[in-house]
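1. after the sequence you'll find the predicted model.
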Amino acid sequence: MKTRIYLCKCGNNIADHLDLARLAERIGQAHDQVEVVTVDFLCSAEGTEFLSHDIKNSGAERWVMGACSPRDHEQTFRKAVESAGENPYLLQMVNLREQVAWVTDAPNRAEAKALALISGAIRRVRLHQPLSDRELEITTATLVVGAGPAGMKCALTLAEAGRRVILVEKSPAIGGKPVLFEEVAPDLQCGPCLLEPMMEELLHGKNAENIELLTLAELAEVKGSFGNFFTTIRQHPRHIDPAVCIGCYECIAPCPVSVTDFSDYQIGRAERKAIAFAYQGVLPNAPYIDGSLCLRNQGKACSACLDACPMPGAIQLDQEESIIARKVGAIVVATGATLYDLTALPNLGYGTIPEVITSLEFERLLAANGPTEKQLLTKASLPPESVLIVHCAGSLEAAHIPYCSGVCCTYALKFSHQLAEKFPGISITHLYKELVLPGKSAIALAQRVQAQSNTVFQRFASTADLQISEQDGRIVVRSPEGELVVDMVILCPPLVPTPEAGPLAEQLDLSRDRGGFFEEVGERLDSASSKVKGIYLAGSCQNPGDIREAANQGMAAAAYVLAGLVEGRNLAVSPVVAEVDQKLCSGCRVCGSICPYKAIAISAVDGKGAVNDILCRGCGTCAAACPAGAITCHHFTRSQIMAELEGILA
C-alpha cells in the first residue's frame, strides 16, 4: 500500500531542530512503498493548495502529515485530502513540533523520536478505513425548563433569533425567586421592577409569539437525542384562561374555602382561597384554582367563582390535566435552587421559635407584594428593636453543606441596610464565618453597612457552637463569645438543589455533582453545557449564583443552541464513534455505567448496550473497559492502536 509522508518545516520551528532531509532518508530506508515530501508551511494557503494537488496526482492510498498538533490543523489537512477527492479519514498526523522539536534538545534523540512516531503512524494509517460523516434532519425548537431569570433570558434570546421556544414552569407564575424580593443586592434595585420588563416582553413583546408558555406544567418524558428530542409535558389544569382573564380579583372573595398558604409566596403568614393569585402583581396576571382545595373535586356543588367572574370563558371549571407532545432540538434546564432545610439544625431554633426566620421569609415579610404588606413584627405585634443575622447557617460545614453559596453575605448586608432604613433605632448584629463579597458592587454595600453605628460584626466558627432559645419572650443566643439577647433572628442558609433535580436528572440522564447540582462539562469554560449533547444548563440549577450569573448563563445556553442547531442545516454526525458487537456483548452493563456522555443505552431485556452515535464523542472509555472486547471505537480500533505501538517500539 503506497503511503505518502509530508514533513512540514513550520518555518524554523521544526527545521531548526530536525534534519528533515536525513529524516526523510531514514524513513525511506525503514519502510517500503513510501514517498517523503518536505514542505515549508503545510497549513498555509499555498501549502494546502499544493497538498490537495499533490495528493490527487501522487497515486498514494494513505497519507501521513508530520507537522504540529492535530488540534491545530488536523481538520485543515483533512479538508485538503477531501478536496483532492479522497477520504479524509485515510490520513494520520504526527506532532513533530510540540512532541519532538520543542522538547528534545539533542539532535540524534530528536531524530530517533521523530522516526519512531512516523513509523507508528505509517503502520497505523495502513489499517485506516474510509469513514464518512452522515447528516440528520433536525428541529430548531427548544424546550426550556424553568421560568426564572435564567430560563426567561434564554427563552427571550432564542425568540429574538426567530426560534420557537416551549417554556415550561411548574408554578403558576414566572420570574422565579428574585421577583419576590423588595430589593435585590448589591445595588438595592427593586426586584419586581428589575424583572418585570423582561417578563412583559416574554408575555406580550414583539417576539412573544415565538414562545409557548406552559405554567403549572412539568416535563413528563424525554426520548431521542440532540436535534430530535421527543418530549411530553404534563399540563396541570389552571382552570383559568389567562388570555381571557383581566385579573380583576372579583372571583376571589366569594370562594368559600380558605386555608393558610405555606408556599414561598405567602410563607404561612396569610390565608388563601381555593382560587387565588400567587401574589399581588403576579405574571401572568391571572389566578389559578387549587384542585386539592376546590369543593367541586370533593363532590360538592360550587360555582361561586364562576358566578362572580365578569368575563365569560375566563374560568373553566371542567378543565382537566393534559399531556402535550413537543418535538425539540435542544433542552435547557433552568430549574433554580432552594434553601437548605434548617430543621436539620435544631439548635438554631428554626421551626420552634416564631421570631427565628429564614432569609426568604424575611424577604417576603419586607416585600410590598408579600403577605404582611411590609410589616415586620414580633409575636407581640411590636417592631423588633434588635436583630441577629446569622451568615452561613449550615454552609461551610462538613456535617451539613461544605460549600459557600456566594450570595448569602451580600444579601445579609442588604438586610442590614433595609432594617436600618425601616427602624432607625434598631440594633443589628452579624454572625459570620467568612465575608464573601464577589463582583464590583458588593464591597460598596459592605462599606456602607459597616459604617452604620448600630451594626456589629462578630465571627463564629460553627453553627454547632450556637444555641438559640426563647426566654421571657426574648431570644437568647449563646456562643463561645458570650450571650446575646435579641427580638428576631434571620438565618441565611445555603442554596441547595431543588427536590425536582433528582427525578429530572433521571429523566434526562444527566449526571449530578457531589452537592446534587447538575454537572457541567467544564466548570470554567463549559459551565452552560451538560455532559449530554443537546442539553444545556442555566442558572443556579448548576451552581449557586446571583441574577447576573443566571441571566448570563441563560444567554450562554441560548448561544449553544443557536450555534448547534441552524435552520436549514442538517446535523453532521461524526463517524469517530463506538459500536457494540451484539454477538460478543455479554450484557455486563459496564459500558453504560462508565460512559461520561450518557451515549450508551442498556436494553431492559438482555442488558446489552447500544451506542447512540449522536451523543457519542468517541472517547474510547467504553471500548477500553469492555471485558468481552465487544466494543469498537471507529478510527481508534485495537488493531490500529497496536500497529501504531509496534511501529513506535520496533
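-> Done, it's in. Numbering: from 1, shown residues only.

2. can you list the domains in this protein?
-> Per automatic domain parsing, the structural domains of the chain span 3-131, 141-228+322-336+500-569, 237-320, 338-496, 574-634.

3. so residue 247 makes contact with residue 285?
-> Yes. The pair residue 247 / residue 285 is scored as a contact, 3.9 Å apart, by CB atoms under 8 Å. The way it works is simple: take the backbone N, C-alpha and C, and place the C-beta from them, glycine included.

4. of those two, who's got more company?
-> Neighbour comparison, residue 247 and residue 285: the larger count goes to residue 247, with 17 against 14 (by other CB atoms under 10 Å).

5. how about the contacts made by that one?
-> Applying CB atoms under 8 Å, 6 or more residues apart in numbering to residue 247 gives the contacts 277, 285, 286, 287.

6. re earlier: out of the domains of the chain, which one sits most buried?
-> Per residue and on average, the most neighbours among these fall to domain 141-228+322-336+500-569, with a mean of 21 (mean count of other CB atoms under 10 Å).

7. for it, give the mean pLDDT please.
-> The average pLDDT within domain 141-228+322-336+500-569 is 95.

8. mind checking the end-to-end distance for it?
-> In domain 141-228+322-336+500-569, first residue to last residue: 14 Å (CA to CA, to the nearest Å).

9. roughly how far out does it sit from the chain middle?
-> Taking CA atoms, centre = their mean, to the nearest Å, one finds the center of domain 141-228+322-336+500-569 at 9 Å from the center of the full chain.

10. using JSON lines, please lay out the domains of the chain together with distance to residue 648.
-> Below are the domains of the chain laid out as JSON lines (distance: least, CB to CB, whole Å):
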{"stretch": "domain 3-131", "distance to residue 648": "4"}
{"stretch": "domain 141-228+322-336+500-569", "distance to residue 648": "31"}
{"stretch": "domain 237-320", "distance to residue 648": "62"}
{"stretch": "domain 338-496", "distance to residue 648": "45"}
{"stretch": "domain 574-634", "distance to residue 648": "18"}
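
11. so which of those comes closest to residue 646?
-> domain 3-131 (6.3 Å; CB to CB).

12. that closest one: how far from the chain's middle?
-> Its chain's average C-alpha position is 41 Å from that of domain 3-131, according to CA atoms, centre = their mean.

13. right, and residue 549 touches residue 539 too?
-> Yes. Contact status for residue 549 versus residue 539: in contact at 7.4 Å, counting by CB under 8 Å.

14. you'd agree residue 375 is in a helix?
-> No. Residue 375 is assigned coil when assessed by DSSP: H, G, I helix; E, B strand; the rest coil, not a helix.

15. report the contact partners of it.
-> Neighbouring residues of residue 375 by CB under 8 Å, 6+ apart: residue 365.

16. any idea how far it is from residue 364?
-> Per CB to CB, to the nearest Å, residue 375 is found 11 Å from residue 364.

17. which element is residue 4 on?
-> strand 3-8 (DSSP states H and E).

18. just the pLDDT for residue 439.
-> 86.

19. list the contacts for the residue lying closest to it once chain neighbours are set aside?
-> Nearest non-adjacent residue to residue 439, counting by CB to CB, 6 or more residues apart in numbering: residue 186, 6.9 Å away. Under the criterion of CB under 8 Å, 6+ apart, the neighbours of residue 186 are 410, 413, 414, 439, 441, 442, 444, 445.

20. now do the phi/psi pair for the first one.
-> This points to residue 410. Main-chain dihedrals, residue 410, degrees, to the nearest 10: phi -60, psi -50.

21. before we move on, what about the fifth one?
-> Reported as degrees, to the nearest 10, the phi and psi values for residue 441 are phi -110, psi -20.

22. tell me the secondary structure at residue 325.
-> Using three-state DSSP, the structure places residue 325 in strand.

23. give me the contacts around the strand holding residue 4.
-> 14, 20, 23-24, 27, 31, 33-43, 47, 51, 54-55, 58, 60-68, 96, 118, 122, 125-126.

24. strands - which of these land there?
-> 34, 35, 36, 37, 38, 39, 62, 63, 64, 65, 66, 67 (DSSP state E).

25. which strand residues bridge the residue nearest to the fourth one when sequence neighbours are not counted?
-> Counting by CB to CB, 6+ apart, residue 37 lies nearest to residue 6, which is 5.2 Å off, once chain neighbours are set aside. Beta-bridge partners recorded for residue 6 (DSSP bridges): residue 37, residue 65.

26. show me where this structure dips below the pLDDT cut-off.
-> For the chain, no stretch has pLDDT under 70.

27. would you point out which residue is most central in it?
-> residue 537 (1.9 Å; CA atoms, centre = their mean).

28. quick one: that one and residue 528, what's the gap?
-> From residue 537 to residue 528 the distance is 6 Å (CB to CB).

29. and for these two, which residues touch both?
-> By CB under 8 Å, 6+ apart, residue 537 and residue 528 have these common neighbours: 520, 553, 557.

30. which one among those gets closest to residue 216?
-> The closest of those to residue 216 turns out to be residue 557 (CB to CB; 23.5 Å).

31. quick one, phi/psi of that closest one?
-> According to degrees, to the nearest 10, residue 557 has phi -60, psi -40.

32. can you tell me the closest non-neighbouring residue to it?
-> Nearest non-adjacent residue to residue 557 (CB to CB, 6+ apart): residue 536, at 3.9 Å.

33. ok, so of the shared contacts of residue 537 and residue 528, who is nearest residue 211?
-> Among the shared contacts of residue 537 and residue 528, residue 557 lies closest to residue 211 (CB to CB), at 15.2 Å.

34. touching, that closest one and residue 538? I think so.
-> Yes. With contact defined as CB under 8 Å, residue 557 reaches residue 538; the gap is 4.4 Å.

35. identify the contacts common to the two.
-> With CB under 8 Å, 6+ apart, residue 557 and residue 538 have common neighbours 150, 154, 332, 334, 528.

36. now these in CSV, with distance to residue 302 and secondary structure?
-> Output for those, formatted as CSV (distance: CB to CB, whole Å; DSSP: H, G, I helix; E, B strand; the rest coil):
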residue, distance to residue 302, secondary structure
150, 39, helix
154, 40, helix
332, 40, strand
334, 37, coil
528, 47, strand
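
37. quick one: the strands in the stretch 551-650 of the chain?
-> In the stretch 551-650 of the chain, the strands defined using DSSP state E, counting those that start in this stretch lie at 571-573, 578-580, 600-602, 609-611, 631-633.

38. hmm, who's touching the last one?
-> Residues from elsewhere that reach strand 631-633, judged by CB under 8 Å, 6+ apart: 576-581, 591, 609, 611, 618, 620, 622-623, 638.
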